[in-house]
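In: here is a sequence together with a model predicted from it:
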Amino acid sequence: MSARPLIPRRKLFGNPTYVGAKLSPDGQWLCWAAPVDGVLNVWVSPVDNIAAGQPVTRTRGRPINWQTWSPDGRYIMFLNDENGDENLHLFAVDPRTMELRDLTPFANVRAMPTHWSHIVPDKIAVSLNDRDARWHDVYALDLTTGERSLVGKIARSSITSGSTGS
């Protein structure tokens, strides 16, 4: 029996050509992740001219692995942690102006977007562990101003560690 050649490591673990394409709410734009200088970044193009795609981020550290449109289609939201500590920050970039903002600029805090809706298109729910690293409280986050308001706290007493349910 002849030996089969190994699949090159870069094919299995290297960057994809593109990944995670998302259509804007108005159906006019596409965003996706693709490499810029070897690191996955967010790209955007008109839906009818993908070849005109341009990167709207240029991160050099950790790759951007998740992106999506805000409910109103004004921003592309994405998560990134520059130093690999898993404390993800939520960013918004305006694809028309390339203005980039860190919506959760807190040290040692992990942001997790949880809900968004076209009914309230300028706000999303985001979980942050800014009060206690173990628990993520839920905030309403205004995508335009970056202002946040507490929606609910995760109470330590409501979570029992190691409980058997009896």
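Out: In hand now; what should we look at? Numbers count the residues shown, from 1 in each chain.
In: alpha carbons only for contacts and neighbour counts from here, please
Out: OK.
In: avg pLDDT for the one helix or strand residue 42 maps to?
Out: Taking DSSP states H and E as the criterion, residue 42 maps to strand 39-46. Averaging pLDDT along strand 39-46 yields 96.
In: note down every partner strand of that strand and its orientation.
Out: Strand 39-46 pairs in its sheet with strand 29-36 (antiparallel), strand 54-55 (antiparallel), by DSSP bridges.
In: point out the most buried one among these.
Out: Highest mean neighbour count of the strands paired with strand 39-46: strand 29-36, a mean of 22 (counted as mean count of other C-alpha atoms under 10 Å).
In: just the C-alphas of that strand, formatted as PDB.
Out: Coordinates of each C-alpha in strand 29-36 appear next as PDB, following Å, rounded to 0.1, in the frame of the first residue of the first chain:
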ATOM      1  CA  TRP A  29     -23.300  45.700   1.600                       C
ATOM      2  CA  LEU A  30     -21.300  42.600   2.500                       C
ATOM      3  CA  CYS A  31     -18.800  42.200   5.300                       C
ATOM      4  CA  TRP A  32     -16.500  39.200   5.900                       C
ATOM      5  CA  ALA A  33     -13.200  38.300   7.500                       C
ATOM      6  CA  ALA A  34     -10.100  37.900   5.300                       C
ATOM      7  CA  PRO A  35      -6.400  38.300   5.900                       C
ATOM      8  CA  VAL A  36      -4.600  41.700   5.900                       C
END
